[in-house]
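Asker: Following is a predicted model, sequence given first.
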Amino acid sequence: LAEVPKPPALAANGGLWFARGQVQLHLGIDPDFRPSHKAHPGLRVVGLEAFAARLAGHGAQVVWDGKLPGHRRFYSEDPVGNRLEFLEPVG
């Protein structure tokens with residue numbers, strides 16, 4: 001994802017926006033931040049195995065979970081401890 005400028009009326013709020021094609025990711029700033037270990041984004045990716053290997057190669061923990069029918073998925077965390085889910089449909 002590439003960083004994109006926020007609309008001027010929202011830029012004063014801080015945070016960053018990223019986009020690629022139709023997908024956008026908006027990140028905000030919370031002065032009372034606590035990492036979320038339950039609530040999390042689920043990111044659909046292509047090439048899940050390679051993506052997991054790349055994260056692990058950079059020292060990120062990769063925890064595989066086989067509980068979602070029709071998908072392969074794993075969990076990891078961002079650098080500040082927020083839970084992230086990465087999944088890819090099978091078949």
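Answerer: Looks like it came in fine. Numbers count the residues shown, from 1 in each chain.

Asker: for the helix or strand where Gln24 lies, packing partners?
Answerer: Secondary structure assignment for Gln24, by DSSP states H and E: strand 23-27. In terms of contacts (3 or more CB pairs under 8 Å, 6 or more residues apart in numbering; DSSP states H and E), strand 23-27 is packed against strand 16-20. Yep, even glycine has a C-beta here, placed from its N, CA and C like the rest.

Asker: And the strand it packs on, how far out from the chain middle?
Answerer: 12 Å (CA atoms, centre = their mean, to the nearest Å).

Asker: Kindly format the C-alpha coordinates of that strand as CSV.
Answerer: This file holds the C-alpha atoms of strand 16-20, laid out as CSV (Å, rounded to 0.1, in the frame of the first residue of the first chain):
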residue,chain,number,x,y,z
LEU,A,16,-2.0,8.2,8.0
TRP,A,17,-4.0,6.9,5.0
PHE,A,18,-2.8,4.2,2.6
ALA,A,19,-4.3,2.9,-0.6
ARG,A,20,-3.8,0.4,-3.4
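
Asker: what's the neighbour count on Leu27?
Answerer: By other CB atoms under 10 Å, 11 other residues sit near Leu27.

Asker: Any idea what it is bridged to?
Answerer: Leu16 (DSSP bridges).

Asker: Wait, it touches Gly14, no?
Answerer: No. Contact criterion CB atoms under 8 Å: Leu27 and Gly14 do not qualify, at 9.4 Å.

Asker: what about stretch 79-91, average pLDDT?
Answerer: For stretch 79-91, mean pLDDT rounds to 92.

Asker: And for it, what's in contact with it?
Answerer: Residues from elsewhere that reach stretch 79-91, judged by CB atoms under 8 Å, 6 or more residues apart in numbering: 33, 35-48, 51-52, 68, 70-78.

Asker: first to last residue in it, what's the distance?
Answerer: 32 Å (CA to CA, to the nearest Å).

Asker: Can you point out the buried residues in the longest helix that the chain contains?
Answerer: In the chain, assigned by DSSP state H, the helix with the most residues is helix 48-57. Within helix 48-57, the residues that count as buried by 16 or more other CB atoms under 10 Å are 48, 51-52, 55.
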